[in-house]
Structure formats: C-alpha cells, structure tokens
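Give the three-dimensional model of this entry:
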Amino acid sequence: MVEAQEEAETTQIDSINTTVLKIYELLDDVAHGSSTLKVKVEGYGLTKAGGGSSLGGVSALNNLGNSFGSGGAGVSSSSSGLSNTGVNSGGVGGTCQVHQTGQPTHSFYVYQQIYDENGRPIEGLYVDRNNDGVVNESDKYVYKKAAPDVTIGFNTQLSWKALTLAVSAHANIGNYVYDNISSNGELLTDLWTNNFTNNRVVTAPQTNFRASGQYLSDYYVRNASFLKLDNITLSYRFDLGKAADRGLSLDLFGTVSNVATITGYKGIDPEIFSGIDNNMYPRPRTYILGVKFNF
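Purely as a prediction, here's the structure:
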C-alpha cells in the first residue's frame, strides 16, 4: 500500500512538472511575439514521503517530504537559428541572452573575458574565438543559462507532545545570473558627473573599468546556485481537557518566512527567473505570531 501511495504521488508530481513546463513554453513564445520559435521541454520529478519515528524513546511523529526535479527548455528550431533577448541596462540596444537552436532558452550570449596574472578582467580584451584576428560579434558565444540543472524541495514536520515544528526549504543547482547591477555600477568614468557623485558598487576599484562598460563580458555571468530556508513554524497545542474530545483545539504558533539563503552569489537574490539581475526588489523576512482555535 505504501508503494502504491508513493507511485501515485510521483505520478502527480510528474504531471505538475509537465504542466508547469508547458506554461513556461507558452509564456516564452508569447513574450517574444513569435510562433516560429519552437521549444522542446524535458523534465522529471520525484517525491518521497515517510513518517513515524521514535525520539529518545518518547513517542514522536516525524513527517518528511522531499522532491527533486531536473529539466529545462531547449530551442529545437528557430526561423533564423538565432534571436537575441534579455536587454541589459547600460548598453544601448544591447542584449546578453539568446535563443539558439540546440541551446537552452535564455542562454547567455557574451564575449570570453581575458584576465591578467592576478585574475582581474582586462578592460575591453576578449578572446578571438574564431581566430580571424578581429574581435567582433562573431566571437560571442553561448555561455551558461538561467534555468537550473536541478531543483530540490524539502519539508519536514516534527511533533513531540504538545509541540510541533515544521520546516520547508528549496534549492536550485546550476542556475546562472547576469549581474547587471555590477556591470552597470563598476564603470568609474561615471563616478563624477555634472558636479555630483554617482553611486558605484564596492567592486568598482577592483575591476577599474574606466573607458566603457563591459556589458557583454562573461565575467558578469555568475553561478547563482542556492539553498533557501523558506519557512519555520513552531506551535504549541493547549490541553483543553474534555473539550478536546468534542473536536476543539487551541494552538499558539510563531512563523518566520524567508529565513535564510545560502549561496555564493553576491547580489541581492540568486533566485531570478529571467536570469538578469537588474531590477530586483528584496524579498522581506516576515514574522507572524498567532492563535488558532478549531471548533
């Protein structure tokens, strides 16, 4: 019976994954105003749940759930074979993403940066990938993508006597972000303009870009894999005596949302669907204290 239940839950997750990815495909076509772009979508989902455990010899209930997904959207055909998207602010008419046959949608389309002996990017110096002696549009290449390779969801609920602790989290692995905040804020030329000071990011002195913005450098495509602790809820159920026999219950609970994010990405938030970090409003951390009365 347990195996049948797990199989049913897995089938349900597969169905949800398929539906979500079909919606992604539809939105992608609508957003770019072209029905000639066909997207092939692949994905899978897996979920597992279990319960019933002992905590130090004391009766306890532990419900654990997790889900794993892998997938992405890939361009199977395009009328032109190549279409730019993902405008990056700062470069007039510039785009840093592309839809290209055989590549994932919203892949980054950039120049390959050259670095000095200290590992710092050299301003305006890129790899001549086709070895024709000139660095131009033909030397741009597809580098990484916005969509994650793997998505993971996790939730658990632990009950002990009158206390219940519930925790949920999720993670993306292999997703990349174009850091437009840095590419637009590291140019030192604009530090002093019209007799006032512009805000620059703290990394500006390190890159020391002065001639022009390096908007199409792969230097600004950053790994944004993350693990987010979404919610923690702790509740206490009061003993109502005989009233509980009539289905009455009284719970005091506290919840914290957007608890923590573990990531190597230095921007505000690594979870950006479009893959372009240029207009992200910080997600707030919220606290809730409440009472729940069931009757």
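
Could you use CA atoms for every contact and neighbour count after this?
OK.

Distance-wise, check residue 293 relative to residue 158.
21 Å (C-alpha to C-alpha, to the nearest Å).

no wait, residue 232
11 Å.

between those two, what contacts are shared?
165, 166 (C-alpha atoms under 8 Å, 6 or more residues apart in numbering).

can you pull the pLDDT of the nearest residue to residue 289 once chain neighbours are set aside?
Nearest non-adjacent residue to residue 289, counting by C-alpha to C-alpha, 6 or more residues apart in numbering: residue 254, 4.4 Å away. For residue 254, the model assigns a pLDDT of 97.

quick one on the thing from earlier: looking at residue 293 and residue 158, which is more packed in?
Between residue 293 and residue 158, counted using other C-alpha atoms under 10 Å, the more crowded position is residue 158 (19 against 10).

Would you mark the buried spots in whichever strand or helix holds the more buried one?
Per DSSP states H and E: residue 158 is located in strand 150-160. Applying a neighbour-count criterion of 16 or more other C-alpha atoms under 10 Å, one finds 150, 151, 152, 153, 154, 155, 156, 157, 158, 159 buried in strand 150-160.

likewise stretch 98-106?
Neighbour-count burial for stretch 98-106 [16+ other C-alpha under 10 Å]: 98, 99, 100, 101, 103, 104, 105, 106.

Tabulate those residues in JSON lines, adding columns for secondary structure and distance to residue 205.
Converted to JSON lines, those look like this (DSSP: H, G, I helix; E, B strand; the rest coil; distance: C-alpha to C-alpha, whole Å):
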{"residue": "98", "secondary structure": "strand", "distance to residue 205": "30"}
{"residue": "99", "secondary structure": "strand", "distance to residue 205": "34"}
{"residue": "100", "secondary structure": "strand", "distance to residue 205": "36"}
{"residue": "101", "secondary structure": "coil", "distance to residue 205": "39"}
{"residue": "103", "secondary structure": "coil", "distance to residue 205": "35"}
{"residue": "104", "secondary structure": "strand", "distance to residue 205": "34"}
{"residue": "105", "secondary structure": "coil", "distance to residue 205": "34"}
{"residue": "106", "secondary structure": "coil", "distance to residue 205": "30"}
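
and the two most separated of the residues you listed?
Spatially, the most separated pair among these is 101 and 106, at 11.6 Å (C-alpha to C-alpha).

dump the residue contacts of residue 239.
residue 250.

phi, psi of it?
When read as degrees, to the nearest 10, the backbone of residue 239 gives phi -80, psi 110.

go on, residue 207?
Residue torsions, per degrees, to the nearest 10, at residue 207 are phi -80, psi -40.

residues in contact with it?
Here residue 207 is in contact with 120, 121, 122, 186 (criterion: C-alpha under 8 Å, 6+ apart).
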